[in-house]
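> show me how the following folds:
(chains A, B, C and D)
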Protein chains: 2
Amino acid sequence: MENQNISDIIESYLKQILAESQQVEIRRAEIADQFNVVPSQINYVIKTRFTIQDGYVVQSKRGGGGYIRIEKVKLLDNLDFIDSLVSAVGDHITRHDGLAVVRSLFEAGAINRRETNIILAAIDKDAVSTGDRELDQRVRAQILISILNHLRYES
Amino acid sequence: MENQNISDIIESYLKQILAESQQVEIRRAEIADQFNVVPSQINYVIKTRFTIQDGYVVQSKRGGGGYIRIEKVKLLDNLDFIDSLVSAVGDHITRHDGLAVVRSLFEAGAINRRETNIILAAIDKDAVSTGDRELDQRVRAQILISILNHLRYES
DNA sequence: GTCGTCTTGACTAATGTTGACTAATATTAT
DNA sequence: ATAATATTAGTCAACATTAGTCAAGACGAC
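Below you'll find the model as predicted:
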């Protein structure tokens, strides 16, 4: 808490705006300047913290009047929600991205807090550890897809 | 008292903070420096003295602004039951026996119907498929133990 | 001396930061 | 219209900054 890195701070700033607004539109250089970082760091923040697994869609335009727009997507409105998560998972997925998928399920109301924690335990690093990094990610994806397919039936 | 080794001293230091706070967040290198030990000794202290059996959950992050956070959790009163299931699972388990473990949890009231089905999806044959039958069973065991450990405390 | 625990450090992994270069779009000059 | 220039954002690789793993050796209780 005391020693947050600058990426976390920028993330918080943007999410604070998104808490009250459906979307946020920035000029990259302006935000970079505001937080005293190089412009490409904004791309890093967006790439690591505003993915589709997190429930965000990002659009941008270059040139004069350029912008980056981050939009929070309403997952519940989407009847293909589970399908979209299945494709987001793919055939292998990192712990970080897996966490984002489970969080999306929770925020969409598809699972409750307890269920969230159980699933996170199931895809935890130690749980899917096989001795082969690549295989770990494949197993994690399989577990998530198995659960997603189950949830498709339930609801 | 006089004969404490450095690991014990570090343990006491952290537990003293935890006596007044729900959690403690440290920078590994900082604590290592403070007690004049190599950083990996902090991992040793945590691994041997802040386990889930002791009622602690540990989270960490690497990179700039990294940290190690130790959280004190409220253990539930089903610990002996969980322990017995953990040893029943062992280091590898078949789908059939895994099913029996999950059923025990359900019948004991530790998990509800929905949670049962999520866990079954997670340890399903397809979910833990690695191409190696023996490894499948090891992964299934790891997943179950990870979940069992999460059922030890309130989250 | 043996066994279990503790200590150490080399190596690994994850995450964050920076800047040079590239690409797209808009604006201005001809 | 077209070309040149300006103004944005994107990519990528090098480097920086943290924590994790593992195995060898030291230490201590018996």
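
> B:Ile46 versus the closest residue to chain B within chain A, what's the distance?
Proximity of chain A to chain B (C-beta to the nearest C-beta) peaks at A:Asn5, 3.0 Å away. From N, CA and C alone the C-beta is placed, and that goes for glycine too. For A:Asn5, the distance to B:Ile46 equals 22 Å [C-beta to C-beta, to the nearest Å].

> who's more crowded, those two?
The neighbour comparison of A:Asn5 against B:Ile46 (other C-beta atoms under 10 Å in any protein chain shown) goes to B:Ile46, with 20 against 13.

> show me what the lowest-mean-pLDDT helix or strand in chain A is packed against.
For chain A, the helix or strand with the lowest mean confidence is helix A:81-89, at a mean of 89 (criterion: mean pLDDT, DSSP states H and E). With contacts defined as 3 or more C-beta pairs under 8 Å, 6 or more residues apart in numbering or on different chains; DSSP states H and E, the packing partners of helix A:81-89 are helix A:95-107, helix A:133-154.

> repeat that with 6 Å
Other helices and strands packing on helix A:81-89, by 3 or more C-beta pairs under 6 Å, 6 or more residues apart in numbering or on different chains; DSSP states H and E, are helix A:133-154.

> how about the helix or strand containing A:Arg69: buried residues?
Using DSSP states H and E, A:Arg69 sits in strand A:67-72. Using 16 or more other C-beta atoms under 10 Å in any protein chain shown as the test for burial, strand A:67-72 gives A:68, A:70-72.

> touching DNA strand C at all, it?
No. Counting by C-beta under 7 Å from any atom of the strand, DNA strand C has no neighbours in strand A:67-72; the shortest distance is 10.3 Å.

> ok, and what's touching that strand?
Contact with strand A:67-72 is made by A:18, A:22-26, A:28, A:50, A:56-61, as judged by C-beta atoms under 6 Å, 6 or more residues apart in numbering or on different chains.

> centroid residue for chain A?
The structure's chain A has its C-alpha centroid closest to A:Asp54; by C-alpha atoms, centre = their mean the separation is 2.3 Å.

> contacting residues for that residue?
A:Ala100.

> quick check, it in a helix?
No. Assigned with DSSP: H, G, I helix; E, B strand; the rest coil, A:Asp54 falls outside any helix and is coil.

> where does it fall, phi/psi-wise?
phi -80, psi -10 (degrees, to the nearest 10).

> next: A:Ile26.
phi -130, psi 160.

> with adjacent residues omitted, what lies nearest to it?
What sits nearest to A:Ile26 in space, not counting adjacent residues and going by C-beta to C-beta, 6 or more residues apart in numbering or on different chains, is A:Ile68, at 5.3 Å.

> packing partners of the helix or strand harbouring A:Ile46?
Using DSSP H and E, A:Ile46 sits in helix A:39-49. In terms of contacts (3+ C-beta pairs under 6 Å, 6+ apart), helix A:39-49 is packed against helix A:6-20, helix A:28-34.

> mind putting the ones you listed into a markdown table with distance to B:Leu85, mean neighbour count and mean pLDDT?
Shown next, in a markdown table, are the helices and strands packed on helix A:39-49 (distance: least, C-beta to C-beta, whole Å; neighbours: other C-beta atoms under 10 Å in any protein chain shown; pLDDT from 0 to 100):
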| stretch | distance to B:Leu85 | mean neighbour count | mean pLDDT |
| --- | --- | --- | --- |
| helix A:6-20 | 38 | 15 | 97 |
| helix A:28-34 | 50 | 15 | 98 |
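
> can I get those in CSV with distance to B:Asp124?
Output for these, formatted as CSV (distance: least, C-beta to C-beta, whole Å):
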stretch, distance to B:Asp124
helix A:6-20, 35
helix A:28-34, 45
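
> one step back: now do the buried residues in the least confident helix or strand of chain A.
Going by neighbour count (16+ other C-beta under 10 Å), the buried part of helix A:81-89 is A:81-82, A:84-86, A:88-89.

> and the angle from it to helix A:133-154?
180 degrees (axes from the mean of the first three to the mean of the last three C-alpha atoms, to 10 degrees).
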